[in-house]
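Asker: attaching a predicted model along with its sequence, questions to come.
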Amino acid sequence: MEFRTRAIHVGQHRDPATGAVVPPLHLASTFVQPDASMTAPYDYARTGSPTRHAFEATLADLDGGGRALAFASGMAATRCATDLLAPGDHIVTGTDIYGGTWRLFNKLLLPRGIMVTAVDMTDLDAVRAAVTPATKLIWSESPGNPLLSITDIAACATIAHDAGALLACDMTLATPALTRPLELGADIVMHSATKYIGGHSDLLGGALVVRDKQLGEKLHWLQNATGSVMGPLESFLCSRGLKTLDLRVRVQSATALDLATWLDGHPRVRRVHYPGLPDHPGHATAVRQMNGGFGAVLSFEIDGDLTAARRVVESTTLFQLAVSLGAVESLIELPALMSHGSYDTAARRAVGIEDGLIRLSVGLEAFPDLRDDLAAALST
Ligand SMILES: Cc1ncc(COP(=O)(O)O)c(C=O)c1O
């Protein structure tokens, strides 16, 4: 079946007790056991619950995986993947990654003995050179955040496997509607479900999806041992979000392309970062790897400093000034002070996240209204 059909039907069974077409929301934290052997399908909701399992089943199918695990947030999912590592192990990661992931790797894992090397993931020679015998994980984000760099996932999977390491891909910006890394050879997909999967700025969630059964078991063991699971209400809302994911992401991506093209010709805009533009360095890889759109996040640098950029982001009305992305409402933010404020300033500038960089998350509003809102803000 097609993606959109599976998003509605896989894992989402009508309630046999009532005939309700939407599976019920099970809030129970514990489940009665027929005997003391603890072999019933459910026992305690940290280990598994029916509403969470329904969402996990749909997501695993959409991502072409064998198993999905739903977490309390994207960072909880990322943390669980890094719990596969031990002191002395090494992570190779991109420079263009979410600020919270940068903080987890550099401020929490590094002092605990896990080595981290950040490289430009678009430079495959640099990725190869960064790998050491201790490398156990390559962590990529494509499109990257906030510069929208595109990683060649299949090539990175080969590099990782040649080194005996795993390739994990943060696919928050692309979603399974646009890119499915497990089909390209990656081992782990991570989503912040807070973004497009939820899609309406009303929940926090994360997910890991894998192909390999044993890896899935190991991650589930770690998830159950550490406890950062997605709650039933969030699971229910994520199942609902998946049903419209494809439609939302395609329409939002088309509007983002229109806005990127318009911004590219604007006299106050120095540079637009969007993989859908033919002059973006990752455009050719994105055309090959992304299917049906280039995502709905873009960033641009204005001709001016941090103060000027701040004036722009504080002047829009439809674009609301907020971190996060991926919802039906358009958002605008200043990475230097907001989403990437947890980077060291020098590290941030060194990787090209300039003070005057503005990031947009394009929602479901109509293009002319969003364009007019930005035009007014850029004229301040
Ligand atoms: C690309 C990316 N990865 C991971 C995360 C972390 O997700 P969460 O906020 O759900 O913990 C975010 C959040 O903004 C993100 O944008």
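Answerer: Done, it's in.
Asker: sort out which residues of stretch 353-373 are buried, please.
Answerer: 353-365, 370-371, 373 (16 or more other CB atoms under 10 Å). C-beta here means a position set from N, CA and C on the backbone, and glycine is covered the same way.
Asker: number of residues surrounding the one residue in the chain that gets nearest to the ligand?
Answerer: At 2.3 Å from the ligand, residue 74 is the closest residue in the chain, using CB to the nearest ligand atom. If you count neighbours by other CB atoms under 10 Å, residue 74 ends up with 24.
Asker: got the CA coordinates for the worst-scoring helix or strand of the chain on mean pLDDT in CSV?
Answerer: Taking mean pLDDT, DSSP states H and E as the measure, the chain has helix 345-350 as its least confident helix or strand, at a mean of 87. C-alpha atoms of helix 345-350 as CSV (Å, rounded to 0.1, in the frame of the first residue of the first chain):
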residue,chain,number,x,y,z
THR,A,345,29.6,31.4,20.6
ALA,A,346,33.0,30.6,18.9
ALA,A,347,31.9,27.1,18.0
ARG,A,348,28.7,28.4,16.5
ARG,A,349,30.4,31.1,14.4
ALA,A,350,33.1,28.6,13.3
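Asker: residues in contact with the spatially closest residue to residue 58 that is not a sequence neighbour?
Answerer: Spatial nearest neighbour of residue 58, excluding adjacent residues (CB to CB, 6 or more residues apart in numbering): residue 11 at 4.1 Å. Counting by CB atoms under 8 Å, 6 or more residues apart in numbering, residue 11 touches 53-58, 61, 239.
Asker: repeat for residue 266
Answerer: Taking CB under 8 Å, 6+ apart as the criterion, residue 266 is in contact with 375, 378.
Asker: let's have the chain start at 51 instead
Answerer: Sounds good: first residue 51 from here, last item residue 316.
Asker: what are the phi and psi values for it?
Answerer: Reported as degrees, to the nearest 10, the phi and psi values for residue 316 are phi -80, psi 130.
Asker: over to the one 4 residues further on?
Answerer: Here the main-chain torsion angles of residue 320 (degrees, to the nearest 10) amount to phi -80, psi -40.
Asker: ok, now residue 284?
Answerer: According to degrees, to the nearest 10, residue 284 has phi -60, psi -40.
Asker: test my guess that it contacts residue 253.
Answerer: Yes - the pair residue 284 / residue 253 is scored as a contact, 4.6 Å apart, by CB atoms under 8 Å.
Asker: overlap in contacts of those two?
Answerer: residue 243.
Asker: so between the two, which is more surrounded?
Answerer: More crowded of residue 284 and residue 253, by other CB under 10 Å: residue 284, with 26 against 20.
Asker: which parts of the stretch 51-200 of the chain sit against the ligand?
Answerer: Contacts of the stretch 51-200 of the chain with the ligand, taken as CB under 6 Å from any ligand atom, map to 123-125, 148, 150-151, 191, 195.
Asker: between those, which has the most around it?
Answerer: Ranking those using other CB under 10 Å puts residue 195 first, with 27 neighbours.
Asker: just give the closest residue to that one, not the sequence neighbours.
Answerer: In this structure, residue 195 finds its nearest non-sequential neighbour in residue 148, 4.9 Å apart by CB to CB, 6+ apart.
Asker: likewise residue 191?
Answerer: Closest to residue 191 by CB to CB, 6+ apart is residue 220, at 4.1 Å.
Asker: residues touching that neighbour, list them.
Answerer: Contacts of residue 220 (CB under 8 Å, 6+ apart): 124, 128, 147-148, 151, 189-192, 240-242.
Asker: give the bridge partners for it, please.
Answerer: Here residue 220 sits in beta bridges with residue 191, residue 240, going by DSSP bridges.
Asker: any idea how far it is from residue 384?
Answerer: 22 Å (CB to CB, to the nearest Å).
Asker: contact residues of the stretch 201-350 of the chain facing the ligand?
Answerer: Within the stretch 201-350 of the chain, the positions near the ligand by CB under 6 Å from any ligand atom are 220, 222-223, 242, 244, 254, 256.
Asker: residue ranges in the stretch 51-200 of the chain under the pLDDT threshold?
Answerer: Along the stretch 51-200 of the chain, the model assigns pLDDT under 70 to no residue.
Asker: which residues of it fall in helices?
Answerer: Here the stretch 51-200 of the chain has its helices, by DSSP state H, counting those that start in this stretch, at 53-59, 100-112, 124-132, 149-153, 174-180.
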